[in-house]
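Student: Just a sequence and a predicted model for now, questions to come.
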Amino acid sequence: MSGTHGTEKTAGPVLGTSTDTVPPEATSATGTPGDKADAIAAVTRVARAALPANGLITDPTELRTYECDGLAHYRVTPALVVLPETTEQVAAVVRACAEHGVPFVARGSGTGLSGGALPRADGILVVTSRMRAIREVRAADQRAVVEPGVINLDVTRAATPEGYYYAPDPSSQQICSVGGNLAENSGGAHCLKYGFTSNHVLGTDLVTPQGDVVQLGGLAPDAPGYDLLGTVVGSEGTLGIATTAIVRLVRLPEEVRTLLVGFRSTDDAGAATSAIISAGIVPAAIEMMDALAIEAAEAAVHCNYPDGAGAVLVIELDGAAVEVEHEYEQVERLCREHGSFEQRLAIDAAERALIWKGRKSAFAAVGRISPDYIVQDGVIPRTALPEVLRAIADLSSSSGVRVANVFHAGDGNLHPLVLFDGEKEGAGEAAEEVSGAILDLCISHGGSITGEHGVGTDKAAYMPRMFTDEDLDTMQLVRCAFDPDNISNPGKVFPTPRLCGEVPGKRKKPHPLVEAGLADAF
Amino acid sequence: MAQPTRVQSDEPQSDPRKAGAQAHGPVPIGSPTARPAFDDEHPPSAELISDCVHCGFCLPTCPTYTLWGEEMDSPRGRIDLMKAGLQGAPMTDSMVQHFDACLGCMACVTACPSGVQYDKLIEATRVQVERHHTRSPGDRAMRAAIFALFPYKRRLRALRGPLRAYQASGLPKVVRRSGLLDRLAPKLAAMEGLAPVLEKREKLPERVPAVGQRRAVVGMLTGCVQGEFFPGVNAATARVLAAEGCDVVIPRRQGCCGALSVHNGRQEEAERFARSTIDSFEAAGVDTVVVNAAGCGSSMKEYAEVLADDPAYAERARAFVAKVRDVSEYLAELGSVAPRHPLEVTIAYHDACHLGHAQGIRQQPRALLREIPGLQLKEIPEAEICCGSAGIWNVLNPEPARELGDRKARNIASTGATLLVTANPGCLMQVSSSLERQGTRMGLAHTIEVLDASIRGLPLSTLGPQ
Ligand SMILES: Cc1cc2nc3c(=O)[nH]c(=O)nc-3n(C[C@H](O)[C@H](O)[C@H](O)COP(=O)(O)OP(=O)(O)OC[C@H]3O[C@@H](n4cnc5c(N)ncnc54)[C@H](O)[C@@H]3O)c2cc1C
Ligand code: SF4
Ligand code: SF4
C-alpha cells in the first residue's frame, strides 16, 4: 500500500474510483487545516452536501446519545455524527476528514464492550445504522452480500428460508452489526466448531482512511496476494470503514441437539468439557455458566436451569442425524462420569431457545444482581480452565469482589463478570484491579487478553503486557501503511499512539525492520 | 426508509437539525441561563436510569429505531436523553421530539435483559414534558382535539356509521377545526369494512347472570373506543363470562379509564379518570374487574402509581389494581367449562403491545384460542414490533404510523391466515387500513368474539369477511 495518501489505491483491485458525489463548492474549502473547529466545520459542510438532510446530527443533546458504546464508563461526545446510507457518502465524509486532518470513528450498533466505538470530541462518528440492506442472498454459492449496518441475526433470518444460516453468533447477535463483527472479529458460542468472523467474511468494500474505496477479497475464496482482508478483519476500525461485506452462509444442520447439564462445581464442568473434546468430539458449542451467572439469568429470563447447580454446561451437537446420535451418547456418558447430576435434552425449538436465552442474556442480566459490572474477556488454553477458575475464585474471596463466570468453555474463552456498586467509595477501583488481575492470570497461563471483544479503548494499556515493543512497532507499521495520518479510530488498540511520520518506538532509534531496509517508516 | 417524520408541527424550523444548521463542534450542555429539563416533582428516576447497561438489546424491537436507525429514537438513546436532562440539560424541542416519538409500546421492556423499567421512566418524563414544554400551535390543536374527543362516548358516537359526516357537525369546535376528523375518516371506513358484522349496538344490562352454576361475580369495563366502535366485543365479553359461570356486573356510570391521559403525561386528567373509575367499581362491589381492551387494562394496572400522591386514593388504588384482569388472563385463570364448537379457520394472533409487552399476557389468549376445535393459530413474524397504532400516536404521526402498519400488514398476510385476532381496538383500526391498502381481504376480530362464536356455535361468517 502506498504511503502518499490519496493518489494511489493499491490495496487490492479497485472497485471503481470513488465517484465524487460532493459538489465542487463543498470541497473547495480546503487548504491547510486550520484550528480544529474550522476543520470540523469544513467536514460538516461536505457531509451536509453529500448526505440527506436528516443524515447529520449536530444538536448537542442528541449528540450525547452517541457518547458511548456497550462499555458505558468511557464517554466522549462527538463533534458530529453522520448517518450515511451509501458507500459513496461514507467515502465523501472520510475524504473530507483526510483532507482536513479530522479523526473519524466508525460505529455499528454500539454494542462493543471495549470502547472501540468511543467517539473523539474533535472528530466525526460515522454510524452505519442506516446501511442495513441485505443486497443478495446467493444460497447456491453459500454467500450473502450485505451492508455493514445489517444486524447479524438478520443475515440468518434472510438465509433460513433457503436452508442456510450465518454461523458466527455473538450473544449480541440480535443487535450487533456485521460491520462491527468484522471489525472486532467477533465470535460466539458456535465458533468452537465453525470458527470466528474471520472464517466467514470473504470480501469487503473498504473506505480507506484516505477516502478511497477498495475491494478486498470477493465472492471466490482465497484471493491471491497478501491477505489484506485478513488484516482488516479484527482491526477495530483502525484501517478504514467496511461498507459491504460478503459473508459465507452455512447449510442448516440436519439435526441439532441441545443439552443442559447441571454440575456441582465448575471443576467438574471444566473436566467434563476437556473429556468431551479429548474424545475427539467437536460440539457446535460448549458454554459454561457458574452459580452467580445462573442466578442472574434466572432473574432475567426465567430459564429454569437445574436447581442448586454450581455450574451448568450448555452443549449443542449438530450435523448429520446419525453422527449427532452417536456423539450424543458419548457426551451424555462423559458428563455423567464427571459428576453431572442433571441432564436435560431440549425436546423442541422452544426449549432450545429458552436454554440459549439464559446463556445469551447472561451479560446484560447481571444488571439484575449488581448495579455495576465489568465484562472481562480473556483466553486460556482449555486445559488450564479448572486452575484459572480456582485462581479467580481466590482473587474474588481475598478482595471481596464478586465475580460471575460465563464463558465459551470449548475454546477457553473466559468472560468473568466483575460485580461492583459504583456508588460505593473505591468499589470501582477494586473491581478494576480484580479485572486486571484476571487478565494477568490469562497471560501467565499462556493465553490472551481478549478473545472476541477487542482491545479498543479499554485494553490498549494491557497490550504491552502481552507484546514486546518490537511487536507493537511492527503492528504500527501495518497501521501506518493504511492510515498514515492516524485519523481512523485513533487512540484505540495501541497504547501510545504515535504519528506515522515519526520513527516508531520509544527507543528513539529506527525500528529494526527499517534499519535493515526491509520496511519503510511513513 | 422513512424520513424521520417527526411530530407534526406548523413551524418548519422546529427540526433542530435544520435550525442548528451552523452548529458544530462540542457545545457545552445546559448553558447557565437555560432551565434544566426536569423539576424535582417525580422526574424520571436516576436509579432506574442507572439500571441501563447500554447493551442495545432493546434497539431492534423499537419501532422508531427500526424506522430511522438513529440512537436518540431508540430506548437506549431516550434513556440517555433523560439522563442528560437530570444532569441539567435543558428541555429542548429536539429532546421533546424524541420523547414524543416514543410509541410507548414497551417492546423495550420485554427485550431488556437488565430489567430496565422504561415504562416508569417515560411516563415520568411525559408528565414533565407536559409541564415544561410549549408545543407548536398545530400540535397543540391536534392534541386538544384528541383529548376532547376520545374519552367521551357520546362524542365518539357521532363518528359511527354512514351518517358520520353529518353527525360530526355536532362535535365541539376544537375537534372539527383540528383536521383530526380528516385523519380518522379513512381509518374508520376501512375498519367498518373488515370488522365483524354483528356490530349493532346492543344495550347491555347492568347485570348479566351466570349460565348454570355461578362460579364468580365480576365487574366489566366497557371502555370508550371499544364501547362505541366495537360494541359487539363488549356483548361477547359479557356472554362468554356468563357462559363460564360469572355474574357480570356492568356499572352504568363508568366513564373513561384515562388510558390516553395516563400514557401521554396528562397527570391531572389521568388522576381524575382513575378516581372515578375506582369509585364506580368500588360501588359495584366486585372482587374482579375484567377489561377487554389491552390499553385500558394496562393503564388501570398503573393506577397505584397514578394516584400515589393522593392520600385519599393511594391505598384504594392499590386495592383496585389487584382486582384488574384482562379478560383472557381472567378466563385462563378461571378455566373453561362451557363447551366449544369447532371453528374451521386459520387465524393470525397479533399481540397488542399493551397486552403482551405491558401486561406480559401472551400465553393465555393463545391457550384459549387453541381450545377451539378446528382452529389453527399462526404466529406473525416480527410479532414484537408495534403496528404503529399506539394510542393516539398514529393520529399525531400519520406517516411513520402508516409505515409501521404496512409492515405489520405484510407480516400478517405472510401467515396465510384468513382471520386476524387481537385484543385492542386501536390495533384493529390501525391494521385494517393497512390491510386494505395492500389489498388483503381478511376478517378482524377480538379474541373474545372468536370464543363467543365458538361457544354459541355461530358460523365463521359472523366474524367478518374470510
Ligand atoms: C450483552 C452483550 C453480549 C456480547 N456478546 C458477545 C459475544 O458473544 N461475542 C463477541 O464477539 N462479542 C460480544 N459482544 C460485543 C459486541 O457485540 C461485538 O463486539 C460486536 O461485534 C460489536 O458490533 P457493533 O455493531 O455493536 O459494533 P460497535 O460497537 O458499534 O463497534 C465496534 C468496533 O467496530 C468498529 N466498526 C463498527 N462498524 C465498522 C465498520 N463498518 N467498519 C469498520 N469498523 C467498524 C468500531 O469503530 C468499533 O471499533 C457482546 C456485547 C454485549 C453488549
Ligand atoms: S416504548 Fe416502544 S417506541 Fe418507546 S422506546 Fe420502547 S420500544 Fe421504542
Ligand atoms: S436492553 Fe435494557 S439495559 Fe440494554 S440498552 Fe436497552 S434499556 Fe439499556
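Tutor: Happy to help now that I have it. Ligands and ions are numbered 1, 2, ... in the order given.
Student: Can you pull the domain assignment for the chain?
Tutor: All of this is about chain A. A:24-127, A:134-251, A:255-444, A:468-515 (automatic domain parsing).
Student: The chain in question should be chain B.
Tutor: If you go by automatic domain parsing, chain B breaks into B:32-134, B:138-194, B:207-332, B:340-463.
Student: Run me through the strand neighbours of the helix or strand harbouring A:Glu316, direction for each.
Tutor: Assessed by DSSP states H and E, A:Glu316 sits inside strand A:311-319. Partner strands and pairing direction for strand A:311-319 (DSSP bridges) are strand A:255-263 (antiparallel), strand A:285-290 (antiparallel).
Student: Measure how buried residue 287 is and give me the count.
Tutor: Defaulting to chain A. A:Glu287 has 30 neighbours, counted by other Cβ atoms under 10 Å in any protein chain shown. Every C-beta, even on glycine, is put in place using the N, C-alpha and C of the backbone.
Student: not what I meant, chain B
Tutor: B:Asp287: 10 neighbours (other Cβ under 10 Å).
Student: A:Ala139 too?
Tutor: 16.
Student: Confirm for me that B:Ala101 is in contact with B:Leu396.
Tutor: No - in this structure, B:Ala101 is not within contact of B:Leu396 by Cβ atoms under 8 Å, at 9.4 Å.
Student: contacting residues around the residue of the stretch 151-300 of chain A found nearest ligand 3?
Tutor: Across the stretch 151-300 of chain A, the shortest distance to ligand 3 (Cβ to the nearest ligand atom) belongs to A:Ile175, at 8.8 Å. Contacts for A:Ile175 (Cβ atoms under 8 Å, 6 or more residues apart in numbering or on different chains) come out as A:109, A:111, A:151, B:56-57, B:59-60.
Student: Output the domains of chain B in JSON lines; the columns should cover distance to chain A and mean pLDDT.
Tutor: Below are the domains of chain B laid out as JSON lines (distance: least, Cβ to the nearest Cβ, whole Å; pLDDT from 0 to 100):
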{"stretch": "domain B:32-134", "distance to chain A": "3", "mean pLDDT": "94"}
{"stretch": "domain B:138-194", "distance to chain A": "19", "mean pLDDT": "68"}
{"stretch": "domain B:207-332", "distance to chain A": "18", "mean pLDDT": "92"}
{"stretch": "domain B:340-463", "distance to chain A": "9", "mean pLDDT": "92"}
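Student: out of those domains, which comes closest to A:Ala384?
Tutor: For A:Ala384, the closest of the domains of chain B is domain B:32-134, at 29.1 Å, according to Cβ to Cβ.
Student: Format the contacts of A:Ile175 as TSV; extra columns: distance to ligand 2 and secondary structure.
Tutor: Below are those laid out as TSV (distance: Cβ to the nearest ligand atom, whole Å; DSSP: H, G, I helix; E, B strand; the rest coil):
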residue	distance to ligand 2	secondary structure
A:Ser109	15	coil
A:Thr111	17	coil
A:Ile151	16	strand
B:Gly56	12	coil
B:Phe57	11	coil
B:Leu59	9	helix
B:Pro60	10	helix
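Student: Considering these, which possesses the most neighbours?
Tutor: A:Ser109 (31 neighbours).
Student: My read is that that residue contacts A:Leu153, right?
Tutor: No - at 11.3 Å, A:Ser109 does not count as touching A:Leu153 under the criterion of Cβ under 8 Å.
Student: Okay, strands next: where are they in chain B?
Tutor: Counting by DSSP state E, the segments of chain B that form strands are B:207-208, B:216-220, B:246-249, B:288-291, B:324-326, B:345-349, B:375-379, B:419-422, B:443-446.
Student: Would you mind giving these as a markdown table with distance to A:Lys36 and mean neighbour count added?
Tutor: A markdown table is the format used below for these (distance: least, Cβ to Cβ, whole Å; neighbours: other Cβ atoms under 10 Å in any protein chain shown):
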| stretch | distance to A:Lys36 | mean neighbour count |
| --- | --- | --- |
| strand B:207-208 | 74 | 16 |
| strand B:216-220 | 66 | 22 |
| strand B:246-249 | 71 | 22 |
| strand B:288-291 | 58 | 26 |
| strand B:324-326 | 57 | 25 |
| strand B:345-349 | 56 | 22 |
| strand B:375-379 | 53 | 16 |
| strand B:419-422 | 54 | 26 |
| strand B:443-446 | 58 | 27 |
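Student: Include distance to ligand 2 when you put these into a markdown table, please.
Tutor: Output for the strands of chain B, formatted as a markdown table (distance: least, Cβ to the nearest ligand atom, whole Å):
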| stretch | distance to ligand 2 |
| --- | --- |
| strand B:207-208 | 36 |
| strand B:216-220 | 28 |
| strand B:246-249 | 33 |
| strand B:288-291 | 21 |
| strand B:324-326 | 19 |
| strand B:345-349 | 20 |
| strand B:375-379 | 20 |
| strand B:419-422 | 17 |
| strand B:443-446 | 23 |
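Student: got TSV for those, with distance to A:Val312 too?
Tutor: Formatted as TSV, the strands of chain B follow (distance: least, Cβ to Cβ, whole Å):
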stretch	distance to A:Val312
strand B:207-208	51
strand B:216-220	42
strand B:246-249	44
strand B:288-291	40
strand B:324-326	35
strand B:345-349	33
strand B:375-379	29
strand B:419-422	38
strand B:443-446	42
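Student: Select, out of those strands, the one closest to ligand 3.
Tutor: Going by Cβ to the nearest ligand atom, the one of the strands of chain B nearest ligand 3 is strand B:375-379, 22.9 Å.
Student: what does the closest one contact?
Tutor: With Cβ under 8 Å, 6+ apart, strand B:375-379 has contacts from B:342-349, B:366, B:369-370, B:415-417, B:450, B:454.
Student: gap between the residue of the stretch 151-300 of chain A closest to ligand 3 and B:Gly56?
Tutor: In this view, A:Ile175 and B:Gly56 are 5 Å apart by Cβ to Cβ, to the nearest Å.
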